[in-house]
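In: fold the following, please.
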Amino acid sequence: MVRGGPGRGRGGRRRYGVLTVLLLVTACGGGGAGGGAQKSPSAAGATATAAGEAAPDATDGPAVDADPARLPTTRKAALALIRKVIAGPEEFGPGVVARTPYESGPDTWPVLDTDCVWQQQPPGRGILATLTRSFELPATKDKGPLRLAAIMTVHRADDGARWEMAESLEETMRCPTQQLRQGEFIGGLGASALAQGEGNQNSSDDTLMESGQYRSSELGGPHPYFWEQDRILRFTFAVTAKGAKGWTQGTIMDIGVRGQSAMLIRLGDALTKKG
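Out: Purely as a prediction, here's the structure:
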């Protein structure tokens with residue numbers, strides 16, 4: 001859903017039934033091969049346990065036993081829930097600060113066009129609300145700035161969120177090299193998808209992870225790139241980490257997963273039946 005901050009998101013317009021089995025897609029393009037970001041059991045566990053909580057046991061039902069009364073049905077309620085759940089700077093770790101502009105949306109929805117360039121369009125009628133936040137871990141003597149983003153979207157129905165996840169994987173296959181905005185590119189993308197119960201993934205109904213290489217006219221490259229998106233019921237949420245000089249793939253993944261973990265736990269707390 002979000003790949004490079006406000007300039008990267010999901011169109012949700014194509015429908016591909018690809019989320020019921022583990023898929024590992026490796027595609028070369030845009031300046032070198034990228035390793036697949038396969039979600040290992042340890043990574044899946046980290047997503048559920050970053051706040052000291054154990055991952056739930058695998059079940060045939062949704063990852064969260066939601067109270068129907070807690071599911072938003074209006075734009076106002078959806079935005080209120082997003083603001084309770086979406087990560088802030090502190091969720092990513094010490095030293096992370098808000099970028100300017102900090103928030104974008106809820107009136108824009110990034111779409112990957114036929115030329116593999118991200119464009120801004122109004123959200124479709126199936127989307128109640130969406131919001132993106134942008135962050136940065138400032139440069140130090142040894143490392144360039146790490147650019148981070150979090151996005152959360154509330155669909156009107158679970159199917160809308162499912163199709164968004166399906167299109168997310170299709171975009172990597174269709175466009176292994178993508179332009180985020182003027183002077184920013186990602187390439188060498190490799191992605192994996194896990195449904196709940198596959199590969200010890202029990203934190204969400206569906207999860208996608210992607211890694212590759214990031215280049216920009218400002219920061220050069222190639223630098224490591226990481227993205228994760230999860231779905232719970234009609235909600236999707238994602239994090240992006242775009243590396244710079246001195247950053248490794250493993251380190252930016254750890255920071256991204258930390259922010260994603262916070263949103264997973266918060267959403268569960270906001271929706272779960274009480275008593």
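In: for the rest of this, base every contact and every neighbour count on C-alpha atoms.
Out: Fine.
In: any idea how far I232 is from A195?
Out: Using C-alpha to C-alpha, to the nearest Å, I232 is found at 11 Å from A195.
In: R174 now?
Out: Using C-alpha to C-alpha, R174 is found at 21 Å from A195.
In: so where's the stretch 101-250 of the chain uncertain?
Out: Of all residues in the stretch 101-250 of the chain, those with pLDDT under 70 make up the ranges 105, 197-202.
In: that one: helices as residue ranges?
Out: For the stretch 101-250 of the chain, the helices defined by DSSP state H, counting those that start in this stretch occupy 158-174, 249-271.
In: what's the closest of the ones you listed to R83?
Out: Between R83 and the helices of the stretch 101-250 of the chain, the tightest spacing by C-alpha to C-alpha is seen for helix 249-271, at 10.5 Å.
In: elements contacting the closest one?
Out: helix 41-49, helix 75-85, helix 89-92, strand 220-232, strand 235-242 (3 or more C-alpha pairs under 8 Å, 6 or more residues apart in numbering; DSSP states H and E).
In: more neighbours: which of R174 and A195?
Out: More crowded of R174 and A195, by other C-alpha atoms under 10 Å: A195, with 23 against 14.
In: which strand residues bridge the more buried one?
Out: On the basis of DSSP bridges, A195 is bridged to D206.
In: ok, back up a step: please identify the deepest-packed of the helices and strands packed on helix 249-271.
Out: Highest mean neighbour count among those (mean count of other C-alpha atoms under 10 Å): strand 235-242, with a mean of 29.
In: now that one against helix 158-174, angle please.
Out: In terms of direction (axes from the mean of the first three to the mean of the last three C-alpha atoms, to 10 degrees), strand 235-242 departs from helix 158-174 by 30 degrees.
In: strand 235-242 pairs with which strands, parallel or anti?
Out: strand 146-155 (antiparallel), strand 220-232 (antiparallel).
In: quick one, the longest one and helix 249-271 angle?
Out: Meaning strand 220-232. Here strand 220-232 runs at an angle of 30 degrees relative to helix 249-271 (the same axes, to 10 degrees).
In: separation between V117 and T251?
Out: Distance from V117 to T251, by C-alpha to C-alpha: 28 Å.
In: now the residue positioned nearest the centre of the chain: closest residue in space that isn't a chain neighbour?
Out: The centroid of the chain falls nearest to A238 when counting by C-alpha atoms, centre = their mean (2.0 Å). Nearest residue to A238, sequence neighbours excluded (C-alpha to C-alpha, 6 or more residues apart in numbering): Q229, at 4.1 Å.
In: ok, the one you found touching F235?
Out: No. Here Q229 does not reach F235: they are 10.5 Å apart, not a contact under C-alpha atoms under 8 Å.
In: so for these two, which residues contact both of them?
Out: Listed as contacting both Q229 and F235 by C-alpha atoms under 8 Å, 6 or more residues apart in numbering is no residue at all.
In: ok, back up a step: right, and the residue nearest to the centre of the chain touches W227 too?
Out: Yes. Counting by C-alpha under 8 Å, W227 is a contact partner of A238 at 7.2 Å.
In: can you pull the contacts of L128?
Out: With contact taken as C-alpha under 8 Å, 6+ apart, L128 is in contact with T73, T74, R75, A78, T153, V154, H155, R156.
In: and for the second one, nearest residue in space, chain neighbours not counted?
Out: Spatial nearest neighbour of T74, chain neighbours left out: L128 (6.6 Å); criterion: C-alpha to C-alpha, 6+ apart.
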